[in-house]
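Engineer: just a sequence and a predicted model for now, questions to come.
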Amino acid sequence: MAGGDLVLASASPRRAKLLRQLGVAFVQHPTDIDETAVPGESPQDYVVRLAREKALACEQALPDRVRPVLAADTCVVLDEQVLGKPVDAMDALAMLARLSGREHLVLTAVCLRFRELESECVSETRVQFINLQRAQVEAYIATGEPFDKAGAYAIQGLAAAFVDRLQGSYSGVVGLPLAQTWNLLQQCGVATVFEAKPHE
């Protein structure tokens, strides 16, 4: 595997873009795991477990284990229920109808594995949606944006117009909380733009 100080266990272009904002040299090595929730598992335990399992699966799949592995998982929570990715347009419509006019929680867990070290963090962000009309939701679904997004929306896209207010980490809602991620990277010596040596 060529170049990079870090391995990102994700195919997400959004997480990759956020990591680039930190100036990290990395390669992507996505991995598939079973994302089925365990009965009785809390939303926070769920996202932490998935982030850990993604990091471990990626690490075990690498031809060498000389670089740190970073993995993340994001979920949208309403009434203590995890809203995953919609399976079809009707599912997206149902999710967005539930989120309309209400506050929900977005959890993103980040796990970093490097040799004997395993560190993790969880970002919690509260997001309040405006009241949405059915025609507006249907128009949004027709754009295709809600699919493959937790909770059937992308805050960095058209759905930014749905957000009345936000308390917490915006980048955490996108998929990678930068402040917490930077802290984890510092723990294992991964250079970012903030630790780079100034030009002579």
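Structural biologist: Noted; the coordinates are in hand. Numbers count the residues shown, from 1 in each chain.
Engineer: so for stretch 23-32, mean pLDDT?
Structural biologist: Mean per-residue pLDDT for stretch 23-32: 93.
Engineer: just the helices in this structure please.
Structural biologist: 13-21, 43-61, 89-99, 134-142, 170-174, 178-187 (DSSP state H).
Engineer: ranking these by burial, who's on top?
Structural biologist: Of these, the one with the most neighbours on average (mean count of other Cβ atoms under 10 Å) is helix 170-174, at a mean of 23. Heads up, the C-betas are built off the backbone N, CA and C, glycines and all.
Engineer: now do the same for residue 173: its pLDDT.
Structural biologist: Residue-level pLDDT assigned to residue 173 equals 97.
Engineer: so what's the closest residue in space to residue 100 that isn't next to it in sequence up against?
Structural biologist: Once flanking residues are discounted, residue 100 sits nearest to residue 132: 4.1 Å by Cβ to Cβ, 6 or more residues apart in numbering. The contact partners of residue 132, by Cβ atoms under 8 Å, 6 or more residues apart in numbering, come to 96-97, 99-101, 162.
Engineer: ok, residue 89 touching residue 141?
Structural biologist: Yes - Residue 89 lies in contact with residue 141 (Cβ atoms under 8 Å); the separation is 5.3 Å.
Engineer: any idea how many residues pack against the residue nearest to residue 191 when sequence neighbours are not counted?
Structural biologist: In space, and not counting its chain neighbours, residue 191 is closest to residue 5: 6.3 Å by Cβ to Cβ, 6+ apart. Neighbour count of residue 5, defined by other Cβ atoms under 10 Å: 16.
Engineer: ok, now how distant is residue 5 from residue 76?
Structural biologist: The gap separating residue 5 from residue 76 is 31 Å, by Cβ to Cβ, to the nearest Å.
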